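Trainee: Fold the following.
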Amino acid sequence: MARIRTIKPEAFVSESLAAVSLTAERTFLGLLTQADDQGRHRDHAAIIAGQLWVLRPEHTPSDVETDFAQLADARLICRYKAPDHKRYLHIVTWGLHQKINRPSKSRLPACPHHEVPVGVTPSPAESGFTEPSLPSHGALREDTRGMCEPAANPGTARKTAGQDGFMEDSERTHGVLPEPSVNPHCPDLGPRTMDLVPHQPTFAL
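Mentor: A predicted model of the protein is given here:
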């Protein structure tokens, strides 16, 4: 059953509609009145011809099929095949232009390319992009191994990732303090404290 729909003034200056023939444009505007509240309809040229072109018999179902091809190329409609092996179509920009008060639930299957059911994640082929897979837990990528492995020779200078400075391997082990270094050119003179009070000489009486 045909429904009351909205046709915005912008439709007549739409570049997408201007790219198709006048008959395809009329078929598209007619689909707005025949599609259900979700913008879906059977993809059947003979049915559409009987609904929209009944008083114009010169516009045959074959001509409607040509209209469908033009509208699909302009991405105004999307044609798809459902699991019941029947073909359907839906108006791609339906939700942007039609505001339905209390919409009825559609009896037709949803489009697998544009309408994803709630709770279902679209496959990469349907969504049009892919994300790089993450490494498994505990695994390291090959390009990061060089940043995690220690230097082959301890004590040699090595450059840390993202830093310009160098750091040397520490010679201190846990719980052991390194021995103080001794300069061979300066003898060890013992403690560095000095008695600042001069010693008074003692005399025997």
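
Trainee: only C-alpha atoms for contact and neighbour calcs from this point on.
Mentor: Will do.

Trainee: Tell me how far the residue lying closest to Leu89 once chain neighbours are set aside lies from Ala49.
Mentor: Leaving aside its chain neighbours, Leu89 sits nearest to Arg79 (4.3 Å; criterion: C-alpha to C-alpha, 6 or more residues apart in numbering). Counting by C-alpha to C-alpha, to the nearest Å, the gap from Arg79 to Ala49 is 17 Å.

Trainee: now swap in Asn101 and tell me
Mentor: From Asn101 across to Ala49, the span is 28 Å (C-alpha to C-alpha).

Trainee: Looking at these two, which has the bigger crowd around it?
Mentor: Ala49 (21 against 7; other C-alpha atoms under 10 Å).

Trainee: what about the closest residue to Leu17 other than its chain neighbours, which helix or strand?
Mentor: Ranked by C-alpha to C-alpha, 6+ apart and with sequence neighbours excluded, the top spatial neighbour of Leu17 is Glu25, at 6.1 Å. Assigned by DSSP states H and E, Glu25 belongs to helix 22-34.

Trainee: Now that helix: average pLDDT?
Mentor: Throughout helix 22-34, pLDDT has a mean value of 96.

Trainee: For Leu108, the count of nearby residues, please.
Mentor: Using other C-alpha under 10 Å, Leu108 is surrounded by 16 other residues.

Trainee: so it touches His41, yeah?
Mentor: Yes - the pair Leu108 / His41 is scored as a contact, 7.4 Å apart, by C-alpha atoms under 8 Å.

Trainee: Now do the shared contacts for those two.
Mentor: Here Leu108 and His41 have Tyr88 as joint contacts, going by C-alpha atoms under 8 Å, 6 or more residues apart in numbering.

Trainee: what's the residue nearest to Leu89 sitting at in phi/psi?
Mentor: Here is the backbone geometry of Arg79 (degrees, to the nearest 10): phi -110, psi 130.
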